[in-house]
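Undergrad: here's my sequence, what's the structure:
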Amino acid sequence: MAMKRDFPESEKRLCGGCGSSERWLLHYIRLRGTFQRLCTNCLLKNHPGLFCPVCLDVFDFDHPPPPRDRVMCVKCPSIAHNACANCASFECPPCSQSSTFSFFNFDRDAAASGGGAAAQLLGRESAKAFVAAAKIAANSMKKAAAAARSDAERRVKEAVSAKKRAREALEVLAFLVSKEKVEKGEMNSGRVEQQKAKSETTNPAAMQVLASLATSMAAEGTNGVRPNQLQSNDMEEGGDRVKEGA
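TA: I've put the predicted structure just below:
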């Protein structure tokens, strides 16, 4: 929650509600999630229930008056003291009077002409309204600062947690990479052994040895007599038989 205070120069001199240009009379406040500059009248009208609209005393922000000591306006959330309301069907001044009602009346013409100090230009009621608006604005900024501090602390905790998770993820990744390298090394060594065995079986010298072994095994299958010898023996036996028949 950033407490940004950078306003265009034109907005710095104007009230965000009515457009009032008296810069020194504007209050800086957080309203509806945004930071604004409001004049005393606009600020008080936007915060009914925080002050008595009759005597302009600001209520305790943490402990507002109990229901038995206050009266609510029948038309808005404004709250007044029982002594200030004087009746159960209470209507606050902004609701009971014309729409042009203002909590703060400032003699702009006298101020423009420079006729006297600012304190002399404000009546008693306007001065009380200005103080009430200043108190409400100060409390609003106090809450905004506390919220910003809480948000900053939360973000710090989230950053620390994210950093921890990232470190753990890197450790797991390093372990998996190391494990994969070991497995690839074992697979490569197995392939080397297979290729070595294959090369030995396809070696010409090895093939010659295998051929000679096959030949000797074939010879042993005929009682150690080679096939050509068997053929010559068969021919000689056949000749002898012919002679005996003759």
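Undergrad: burial measure for Arg124, as a count.
TA: The local packing count at Arg124 equals 8, with neighbours defined by other C-beta atoms under 10 Å. Any C-beta I mention is one placed from the backbone N, CA and C, and that applies to glycine too.
Undergrad: separation between it and Cys39?
TA: The span separating Arg124 from Cys39 equals 18 Å under the rule C-beta to C-beta, to the nearest Å.
Undergrad: now for the longest helix seen in the chain, which elements pack on it?
TA: Counting by DSSP state H, the longest helix found in the chain is helix 124-201. Packed against helix 124-201, as judged by 3 or more C-beta pairs under 8 Å, 6 or more residues apart in numbering; DSSP states H and E, are the following elements: strand 27-31, strand 34-38, helix 40-45.
Undergrad: recalculate using a threshold of 10 Å.
TA: In terms of contacts (3 or more C-beta pairs under 10 Å, 6 or more residues apart in numbering; DSSP states H and E), helix 124-201 is packed against strand 27-31, strand 34-38, helix 40-45, helix 204-220.
Undergrad: residues contacting Ile136?
TA: Ile136 sits next to 27, 29, 38, 40, 43-44, 46-47, 50-51, 58-59, 61 when contact means C-beta atoms under 10 Å, 6 or more residues apart in numbering.
Undergrad: low-confidence stretches in this structure?
TA: The model of the chain has pLDDT under 70 over residues 1-13, 22-24, 106-121, 190-211, 213-214, 216-246.
Undergrad: element containing Glu91, please.
TA: With secondary structure defined by DSSP states H and E, Glu91 is part of neither a helix nor a strand.
Undergrad: does it touch Phe101 like I think?
TA: No - with contact defined as C-beta atoms under 10 Å, Glu91 does not reach Phe101; the gap is 11.5 Å.
Undergrad: what touches both of these two?
TA: The contact lists of Glu91 and Phe101 share Pro53, where a contact means C-beta under 10 Å, 6+ apart.
Undergrad: so those two - more neighbours on which side?
TA: Using other C-beta under 10 Å as the criterion, Glu91 and Phe101 rank with Glu91 on top: 17 against 14.
Undergrad: surely Pro53 is in a helix?
TA: No - counting by DSSP: H, G, I helix; E, B strand; the rest coil, Pro53 is located in no helix; its state is coil.
Undergrad: dihedrals phi and psi, it?
TA: The phi and psi values for Pro53, taken as degrees, to the nearest 10, are phi -70, psi -10.
Undergrad: the chain should start at 331 in everything you say after this.
TA: Shifting the count to begin at 331 puts that one at Pro383.
Undergrad: and the closest residue to it other than its chain neighbours, what does it touch?
TA: On the basis of C-beta to C-beta, 6 or more residues apart in numbering, the spatially nearest residue to Pro383 that is not a chain neighbour turns out to be Cys422, at 4.3 Å. Neighbour list for Cys422: 375, 378, 382-384, 401-410, 414-415, 431 [criterion: C-beta under 10 Å, 6+ apart].
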